[in-house]
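**Q** Quick check, what structure comes out for this input:
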Amino acid sequence: MAGPTPTRLHRAARAPVAAAFVCASLFAAGPALADDGDAKDKSAQELADAAKKELLDAKSLHLTMRNSADDRDARTPALIDLRLDEDGNCTGELRMGTGGAKGGSVDLVKRGDEVWIKPDATFWKTQLPGRSGELAADLIGDRYVHGTTDDPMLDGLSGTCDLDAFRERLKDGSDRATKDELTKGDQKKVAGTEVVPLTSSNSGDSKGRITLYVTADEPHRLVRATEKGSDESLSMTLTDYGKAVPKKTPSADESIDVSDLRDTDPSQAPHAA
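**A** Numbering: from 1, shown residues only. Model (predicted):
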């Protein structure tokens with residue numbers, strides 16, 4: 001039985017890439033508009049530059065990204081919630097399905113080059129064709145699939161857990177992004193933290209708007225970002241700068257080796273009762 005293809009898992013891992021470029025488009029913004037709001041000692045661009053530096057220097061992060069797109073797609077993540085660090089370690093979950101589609105969820109743990117994924121039954125049945133999805137759900141149950149990044153199936157998630165890759169995409173994106181005008185808004189509270197919103201239009205969408213929320217007090221850190229457009233709505237939160245990723249990994253009793261998943265033949269398995 002073939003597991004989820006690398007292409008499908010790479011697709012599930014795209015959201016952090018999108019998040020990096022959403023941020024990059026504003027970190028590369030041009031001259032700021034005059035403003036009389038709080039944090040008045042710094043311009044919008046100075047705040048954006050400070051937030052970019054904090055993000056590029058962070059050794060670890062808690063990243064949560066929500067995709068509220070109207071398009072119905074069971075194979076696109078609606079939620080990615082990850083704690084990740086610059087050594088490639090992470091823990092978290094992905095919930096699949098935008099526009100009301102139900103694509104299931106995947107718990108994820110990565111430590112070094114070892115990877116554990118625990119998709120639920122809905123994920124298996126949605127992502128795998130025919131009997132393969134049902135068989136995978138029955139075989140694995142509530143266990144993790146365990147392997148290494150050398151396995152093509154599990155390697156698809158490695159980029160999701162790689163903070164260095166996220167930052168490289170951020171840096172590369174800001175180098176190439178269009179330098180649009182950046183506006184600093186009035187200071188406000190987001191989740192109890194005083195922030196300054198930095199907003200720009202999305203040059204690729206007449207109705208698009210991208211906003212970064214940067215902490216008003218030093219160090220100036222990005223804690224929230226949103227992108228709204230004609231057909232998409234993304235939001236991202238960033239917390240726990242520098243906080244260690246939990247080290248606990250699933251036990252052998254909680255896991256099944258990825259090779260066992262591949263070695264099972266759907267034609268030889270009994271139908272579920």
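**Q** Are there helices or strands packed against the host helix or strand of Thr183, and which ones?
**A** In the assignment (DSSP states H and E), Thr183 maps to strand 183-184. Judged by 3 or more C-beta pairs under 8 Å, 6 or more residues apart in numbering; DSSP states H and E, the packing partners of strand 183-184 are helix 44-57, strand 193-201. C-beta coordinates here come from the backbone N, C-alpha and C atoms, glycine included.
**Q** ok, how many other residues are close to Ala191?
**A** 10 (other C-beta atoms under 10 Å).
**Q** ok, now Glu232?
**A** Glu232: 17 surrounding residues under other C-beta under 10 Å.
**Q** quick one: it and Ala69 touch, right?
**A** Yes. Using C-beta atoms under 8 Å, Glu232 is in contact with Ala69, at 4.9 Å.
**Q** what sits in contact with each of these two?
**A** Counting by C-beta atoms under 8 Å, 6 or more residues apart in numbering, Glu232 and Ala69 have no contacts in common.
**Q** nearest residue to Pro219 other than its sequence neighbours?
**A** Glu54 (5.4 Å; C-beta to C-beta, 6 or more residues apart in numbering).
**Q** I'd say that neighbour and Val223 touch.
**A** No. Between Glu54 and Val223 there is no contact under C-beta under 8 Å: 10.3 Å.
**Q** all strands for the stretch 151-273 of the chain, in order.
**A** All strands of the stretch 151-273 of the chain, identified by DSSP state E, counting those that start in this stretch, fall at 183-184, 188-190, 193-201, 209-215, 222-228, 233-239, 255-257.
**Q** Any idea which of those strands gets closest to Leu47?
**A** strand 209-215 (4.9 Å; C-beta to C-beta).
**Q** What is the closest one packed up against?
**A** Contacts defined by 3+ C-beta pairs under 8 Å, 6+ apart place strand 209-215 against helix 14-27, helix 44-57, strand 193-201, strand 222-228.
**Q** can we see that at 10 Å?
**A** Applying 3 or more C-beta pairs under 10 Å, 6 or more residues apart in numbering; DSSP states H and E, one finds that strand 209-215 contacts helix 14-27, helix 44-57, strand 188-190, strand 193-201, strand 222-228, strand 233-239.
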